[in-house]
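1. Sequence plus predicted model, see below.
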Amino acid sequence: MADAISFTLNDKPVRLNVDGDRTLLWVLRTDLGLTGTKFGCGEGHCGACTVLLDGVVIRSCLRTAKDVQGKEVVTIEGLARDGKLHPVQKAFLEHDALQCGFCTPGMVLTAVELLKSNPAPTREQIIRGMEQNFCRCGAHTRIIDAIQSAALEMNGNRQGQGSRGRSPSRRQLAAVVMDGGRQP
Ligand code: FES
Ligand code: FES
């Protein structure tokens with residue numbers, strides 16, 4: 001049976017007629033075409049499906065469409081403003097903080113919430129704050145570097161942290177931090 005579900009998605013109102021018991025993850029990906037939110041484990045363990053719900057990170061594989069009724073959802077596609085990357089996205093790009101990029105949208109959104117609740121975290125606090133998001137490519141060190149760098153920039157204390165020049169190309173990396181890239 002279809003339910004009328006209304007919520008705000010990336011600053012825009014959305015109204016859907018869907019089975020309200022379907023997972024938010026699959027509604028985002030299939031009904032709304034937002035494939036930046038990834039399906040990893042489907043059981044709440046990996047963090048690939050992380051989105052913000054009223055500013056708090058949630059696992060969209062564990063939430064239903066009904067759970068977001070009247071609420072505000074932000075996915076990786078909604079983080080940039082006027083084509084300008086969020087400082088966390090920018091820092092991931094500058095630090096090559098990804099390889100395959102599958103974990104990246106969830107990592108970025110988790111880091112955004114982390115820096116909101118703790119604008120100047122220690123390296124240890126970043127490690128603890130990110131430990132529920134898994135990266136199978138082992139990019140953890142660069143992810144932590146990126147989050148430290150983003151914290152500095154957001155606190156108006158940017159230090160030069162240039163690219164380390166790894167492949168893939170800048171354009172491919174930018175696509176992943178913007179919207180999860182082409183990866184399904
Ligand atoms: Fe949701 Fe892994 S897909 S936590
Ligand atoms: Fe591949 Fe993290 S960059 S899983």
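-> Nice, thanks for sending it over. The structure displayed is predicted, hence computed values, not measured ones. Ligands and ions are numbered 1, 2, ... in the order given.
2. tell me which parts of this structure are close to ligand 1?
-> 39-42, 44-49, 59, 61 (Cβ under 6 Å from any ligand atom). Using the backbone N, CA and C atoms, a C-beta is placed for each residue, glycine as well.
3. Can you add distance to Met1, pLDDT and secondary structure and give those back as CSV?
-> Putting the residues of the chain next to ligand 1 into CSV (distance: Cβ to Cβ, whole Å; pLDDT from 0 to 100; DSSP: H, G, I helix; E, B strand; the rest coil) gives the following:
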residue, distance to Met1, pLDDT, secondary structure
Phe39, 24, 98, coil
Gly40, 29, 98, coil
Cys41, 28, 98, coil
Gly42, 23, 98, coil
Gly44, 26, 98, coil
His45, 30, 98, coil
Cys46, 31, 98, coil
Gly47, 31, 98, coil
Ala48, 29, 98, coil
Cys49, 25, 98, coil
Arg59, 25, 98, strand
Cys61, 22, 98, coil
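4. And these, which of them are buried?
-> By neighbour count, with 16 or more other Cβ atoms under 10 Å, those hold 39-40, 46-49, 59, 61 as buried.
5. List the residues that contact Leu76.
-> Wrong residue type there; residue 76 is Ile, not Leu. 36-37, 104-105, 108-109, 177-180 (Cβ atoms under 8 Å, 6 or more residues apart in numbering).
6. try 6 Å
-> Each residue near Ile76 by Cβ atoms under 6 Å, 6 or more residues apart in numbering is listed here: 36, 105, 179-180.
7. And Met154, by the same measure?
-> Contacts of Met154 (Cβ under 6 Å, 6+ apart): Pro87.
8. Would you mind giving the domain segments of the chain?
-> In terms of domains, the chain is parsed into 3-78, 87-179 (source: automatic domain parsing).
9. tell me how far the ends of the first one are from each other?
-> The one in question is domain 3-78. 25 Å (Cα to Cα, to the nearest Å).
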